[in-house]
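[1] give me the fold of what follows.
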Amino acid sequence: MANSCLQLSGFLISFLGWLGIVIAISTNDWVIMCKYSLNTCKKTDELETKGPWAECVISTGLYHCFSRSQILDLPAYIQTTRALMIAGSILGLPAVAMILMSMPCINFGNEPQGPKNKRTVLGGVLILVVALCGMVSTVWFPIGAYQEHGLMSFGFSLYTGWFGSIFCLLGGCILTCCSSESSSSRSYQDNNRYYYSKQGGGNPPAAPSTNHAKSAHV
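    Here you go, the predicted structure:
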């Protein structure tokens, strides 16, 4: 029962983390750039946001974005962020599917628990890879934007990517640890059951009949 609750918690946390990664890569509010202080830029309508796909200008009643279509002319941190976040978003889909199919409440025929535990561990490892992709991207992007533009602040998309990466890391650890421990304990119990069945399965040899011995002496 406790293992089922841990597996369900790991699945929900991992799913929320993967959803945060997808939202972060789909939006462009990663960093907010400003030439002056943030309050001054808000008053003068000179705020700009930057993401992996576009740069946007924010002013009163206007939100206009310029897409970055020249891939070869982009800085290295933007290209790396795109590649890692896309890879994390794609890997998260089969990971979530494998974890969902490994839940105790879902059975495919008479499938034993061993293959389901292996699928859970594999899904947890993929979720950890998603977390690694998100962490590297959400840390490298603001550093590169600061070196390129200077003064800035963090945007909504960057916070979403951070929380998504942390959730994926936590969910992947829960799924990997609880599934590996349960599979090892189950194999140990099966081995003990097999050992005891071999020890007590056969009938002990019958003792020689005392009457037969007495008749032989007579």
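
[2] over stretch 173-188, what's the mean pLDDT, rounded is fine.
    Stretch 173-188 shows a mean pLDDT of 63.

[3] and for stretch 69-86?
    When pLDDT is averaged over stretch 69-86, the result is 86.

[4] now the strands for the protein?
    Using DSSP state E, the strands found in the chain span residues 31-33, 47-50, 54-59, 62-67, 152-154.

[5] nearest to Gly172, of those?
    Distance to Gly172, taken as CB to CB, is lowest for strand 152-154 among these, at 24.5 Å. Backbone N, C-alpha and C define where each C-beta goes, glycine included.

[6] which residues touch the closest one?
    Strand 152-154 is contacted from outside by 30-34, 38, 142, 145-146, using CB atoms under 8 Å, 6 or more residues apart in numbering.

[7] adding distance to Leu16 and mean neighbour count, write the strands of the chain out as JSON lines.
    Formatted as JSON lines, the strands of the chain follow (distance: least, CB to CB, whole Å; neighbours: other CB atoms under 10 Å):
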{"stretch": "strand 31-33", "distance to Leu16": "24", "mean neighbour count": "21"}
{"stretch": "strand 47-50", "distance to Leu16": "24", "mean neighbour count": "20"}
{"stretch": "strand 54-59", "distance to Leu16": "26", "mean neighbour count": "16"}
{"stretch": "strand 62-67", "distance to Leu16": "27", "mean neighbour count": "10"}
{"stretch": "strand 152-154", "distance to Leu16": "20", "mean neighbour count": "16"}
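
[8] comparing those strands, which gets the lowest mean pLDDT score?
    With a mean of 75, strand 62-67 has the lowest mean pLDDT of the strands of the chain.

[9] circling back to that earlier point, and the contacts of strand 152-154 as a markdown table, adding distance to Thr49?
    Below are the contacts of strand 152-154 laid out as a markdown table (distance: CB to CB, whole Å):
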| residue | distance to Thr49 |
| --- | --- |
| Trp30 | 7 |
| Val31 | 7 |
| Ile32 | 5 |
| Met33 | 7 |
| Cys34 | 10 |
| Leu38 | 12 |
| Pro142 | 12 |
| Ala145 | 10 |
| Tyr146 | 14 |
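
[10] from those residues, which single one is nearest Leu158?
    Nearest to Leu158 among these: Trp30, at 4.8 Å, using CB to CB.

[11] next, count neighbours for that closest one.
    Applying other CB atoms under 10 Å, we find 28 residues neighbouring Trp30.
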